[in-house]
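J.: Sequence unavailable; structure follows:
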């Protein structure tokens with residue numbers, strides 16, 4: 001009710017914050033607005049540091065006023081009420097307001113709920129993640145989220161940790177605030193917290209650095225740590241409305257990128273003309289030095305793999321001026337700093353994730369039919385930052401020639417291009433393993449051995465809309481990067497094996513199973529995996545054999561490949577791969593030539609081998625597998 005002196009009477013019920021309802025004993029008191037002072041008469045038992053004040057006026061209108069500044073007496077508070085029409089002075093007195101944080105009186109023209117000092121403090125607190133106390137990451141909720149290897153779950157547990165309550169309130173850090181720190185939007189943070197785990201190593205590292213997660217709690221190694229240096233990434237995405245120079249730059253870059261993807265086969269044959277015949281693999285656009293190709297195929301079990309924890313740094317990593325000249329603008333003043341950043345934000349394919357990978361450091365073959373390869377840690381994007389830039393550079397030159405119509409023969413034109421290829425000149429000798437991160441893929445030609453010494457094979461058409469490399473080309477299957485299945489150190493110890501890498505790719509490309517990308521909380525238990533056990537048993541019984549044919553480089557991009565051949569008996573193939581998927585996450589399976597039965601496969605004959613080597617758009621690794629397999633067919637099919 002309205003008192004005789006112009007004040008207003010309210011009912012106040014205080015209860016500890018977080019309880020579902022107020023306590024049974026409602027505390028009733030009156031608060032009078034008298035002049036510039038607000039007085040509160042509350043019993044001592046209701047004085048609590050975290051309370052919710054519910055106010056109601058004579059019309060039954062409630063307000064919920066959370067406050068961290070109630071103090072021991074709750075002497076000050078922000079109070080609003082509806083003035084009574086019979087008392088004109090009530091509006092002026094009710095307009096007196098106080099800071100909801102410190103309780104200081106606010107000026108009449110100050111519309112914000114906090115005073116200037118508290119607003120500045122709040123802005124400072126929200127500007128960057130807070131420094132965390134020791135033991136913060138040992139909380140049960142955070143340990144559970146870390147064990148699940150799900151950055152979204154970690155994000156939620158981090159935001160709701162009680163440590164943040166004194167600064168951000170009892171509800172913790174909001175998704176909107178966290179999004180500002182990460183350079184994302186609130187809906188993106190929401191989807192990450194509720195959706196599948198992040199698999200991209202760059203994104204995982206970005207979240208880990210932003211949330212200040214100690215490295216010992218992570219299930220992966222931060223990329224900067226493995227490189228021994230820092231690396232900047234573009235953080236400004238091109239907006240929907242861009243200035244003309246930015247639009248033109250990105251449009252031109254995208255045109256070259258798409259020309260590259262549509263003409264990779266022809267460009268590879270043009271690029272191979274840049275190099276001496278002595279380091280070319282005959283009938284293919286693959287570069288292979290004589291000592292990198294063994295005289296005869298080497299059984300996979302006869303290859304020793306060695307691991308180097310701290311490989312020497314590379315001389316070329318894709319951050320050089322020669323590469324920057326190939327990258328589009330992201331603002332009117334600044335361009336993208338890495339080729340992979342430009343791919344991600346200007347022309348992203350469906351599958352584009354940075355993953356830990358194995359960097360080739362040494363290679364040796366012996367006359368006794370054995371081999372040794374040494375590897376160290378790296379990432380997939382460290383490969384693309386150089387290899388795709390080298391390919392882009394040649395594509396830009398050839399595209400310009402196509403527009404002018406002044407191109408000569410491919411070989412002659414390629415030899416004239418050295419002066420226009422500063423990035424390729426920077427890389428220099430493709431076989432120098434210290435110049436750049438040489439991260440090989442494993443390309444496997446699977447020969448289905450039939451009765452009478454005949455065989456057939458499958459090919460894979462790589463959809464350029466889905467993959468970042470070799471799009472629009474045929475390739476052997478399976479094929480994939482030599483890398484661990486996950487991002488943890490335990491994955492590396494289990495997955496550092498050529499055969500296991502091939503089995504994972506067989507599962508994904510022929511059977512259509514989801515990619516083994518570290519989404520699960522633990523490493524792959526190979527000995528319990530039915531597919532692996534079946535194939536391993538067939539290998540032990542000599543009904544499945546795997547050979548390595550050497551190591552080479554795609555002439556266009558200088559990307560490395562390990563060509564291999566898997567020879568599998570007809571009955572084992574039917575048992576394991578009886579239902580091959582026609583499409584998968586990367587493209588379409590070619591199981592037969594036009595007019596032939598798909599179940600028969602492509603006959604492994606000289607005619608078909610020549611057809612794909614000479615007349616079809618075949619990726620360099622696939623071409624090497626076919627050419628070398630045909631050369632050594634007597635050994636492979638014996």
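T.: Arrived safely, thanks for sending. Not measured: the values here are computed from a predicted model. Numbers count the residues shown, from 1 in each chain.

J.: which residues touch residue 342?
T.: Contacts for residue 342 (C-beta atoms under 8 Å, 6 or more residues apart in numbering) come out as 234, 253, 327-328, 336. Bear in mind the C-beta positions are built from the backbone N, C-alpha and C, glycine included.

J.: from the residues you listed, which two are the most distant?
T.: Distances among the contacts of residue 342 were taken as C-beta to C-beta; the most separated pair is 234 and 253, at 13.3 Å.

J.: Tell me which of those two has more neighbours.
T.: Shown here are residue 234 and residue 253; by other C-beta atoms under 10 Å, residue 253 has more neighbours (23 against 19).

J.: Just give me the closest of the contacts of residue 342 to residue 195.
T.: Lowest distance from residue 195 to these (C-beta to C-beta) belongs to residue 234, with 23.8 Å.

J.: For this protein, give me the ranges with low pLDDT.
T.: Applying pLDDT under 70 to the chain picks out residues 1-95, 100-101, 121-126, 223-243, 402-416, 467-471, 487-492, 516-522, 598-599.

J.: switch to 50 and redo it
T.: Applying pLDDT under 50 to the chain flags residues 1-93, 225-243, 407-412, 521.

J.: longest helix anywhere in it?
T.: Counting by DSSP state H, the longest helix found in the chain is helix 380-404.

J.: For residue 424, which three-state class applies?
T.: helix (DSSP: H, G, I helix; E, B strand; the rest coil).

J.: sorry, back to before: relative to residue 440, which of the contacts of residue 342 is nearest.
T.: residue 327 (25.3 Å).

J.: tell me the contacts of the closest one?
T.: Residues counted as contacts of residue 327 (C-beta under 8 Å, 6+ apart) are 253, 335-339, 342.

J.: Over to residue 303?
T.: Neighbour list for residue 303: 370-373, 498, 548 [criterion: C-beta under 8 Å, 6+ apart].

J.: show me what contacts the residue nearest the centre of the chain?
T.: By C-alpha atoms, centre = their mean, the chain has its centre lying nearest to residue 200, at 2.1 Å. Residue 200 is in contact with 353-355, counting by C-beta under 8 Å, 6+ apart.

J.: now it: how far from residue 624?
T.: Residue 200 sits 30 Å away from residue 624, going by C-beta to C-beta, to the nearest Å.

J.: just residue 572 next, same as before
T.: As for residue 572, its distance to residue 624 is 25 Å (criterion: C-beta to C-beta).

J.: between these two, which one's more packed in?
T.: Neighbour count, other C-beta under 10 Å: between residue 572 and residue 624, residue 624 has more, with 32 against 19.

J.: Give me the three-state assignment for the more buried one.
T.: helix.

J.: from memory residue 289 sits against residue 431, does it?
T.: Yes. Counting by C-beta atoms under 8 Å, residue 431 is a contact partner of residue 289 at 5.4 Å.

J.: Need the overlap of contacts for these two.
T.: residue 279.

J.: Residue 540 - how many residues pack around it?
T.: 9.

J.: for residue 579, same thing?
T.: Other residues lying near residue 579 total 8 when counted by other C-beta under 10 Å.

J.: what are the phi and psi angles of the closest residue to it other than its chain neighbours?
T.: Spatial nearest neighbour of residue 579, excluding adjacent residues (C-beta to C-beta, 6 or more residues apart in numbering): residue 511 at 7.8 Å. For residue 511, the backbone dihedrals (degrees, to the nearest 10) come out as phi -100, psi -10.

J.: And for residue 150, the neighbour number?
T.: For residue 150, the neighbour count with other C-beta under 10 Å is 20.

J.: What's the separation between it and residue 192?
T.: Taking C-beta to C-beta, one finds residue 150 at 9 Å from residue 192.

J.: go on, residue 304?
T.: 41 Å.

J.: Give the residue from the two that has the larger number of neighbours.
T.: The residue with more neighbours, out of residue 304 and residue 192, is residue 192; 24 against 11, by other C-beta under 10 Å.

J.: Can you name the residues that contact that one?
T.: Taking C-beta under 8 Å, 6+ apart, we find residue 192 in contact with 151-152, 155, 198.

J.: Now with 10 Å, please.
T.: By C-beta atoms under 10 Å, 6 or more residues apart in numbering, the residues touching residue 192 are 150-153, 155-156, 175, 178-179, 182, 184, 198, 203, 207.

J.: follow-up on the earlier one: quick one: which of the contacts of residue 327 is nearest to residue 558?
T.: Of all the contacts of residue 327, residue 558 sits closest to residue 339, with 13.3 Å by C-beta to C-beta.

J.: who's in contact with that closest one?
T.: Each residue near residue 339 by C-beta under 10 Å, 6+ apart is listed here: 253, 257, 318-319, 323-324, 326-327, 381, 384-392, 423.

J.: Next: residue 386.
T.: Counting by C-beta under 10 Å, 6+ apart, residue 386 makes contact with 314, 316-320, 323, 339, 423, 426-427, 435-439, 557-559.

J.: Would you list the buried entries among the residues you listed?
T.: Buried subset of those (neighbour count, 16 or more other C-beta atoms under 10 Å): 314, 316-318, 323, 339, 423, 426-427, 435-439, 557-559.

J.: Looking at those, which are in strands?
T.: In strands, judged by DSSP state E, none of the buried ones among the contacts of residue 386 are found.

J.: neighbours around the nearest residue to residue 299 once chain neighbours are set aside, how many?
T.: In space, and not counting its chain neighbours, residue 299 is closest to residue 547: 6.1 Å by C-beta to C-beta, 6+ apart. Neighbours of residue 547 under the rule other C-beta under 10 Å: 24.

J.: For residue 547, give its distance to residue 444.
T.: According to C-beta to C-beta, residue 547 stands 10 Å off from residue 444.

J.: Next, show the common contact partners of the two.
T.: Residues within reach of residue 547 and of residue 444 at once, by C-beta under 10 Å, 6+ apart, are 563-566.

J.: and the two most separated of those residues?
T.: Across these, the longest distance by C-beta to C-beta is 11.4 Å; it joins 563 and 566.

J.: Touching both of those two, which residues are there?
T.: Any residue near both residue 563 and residue 566 by C-beta under 10 Å, 6+ apart counts here, and that gives 444-445, 476, 547.
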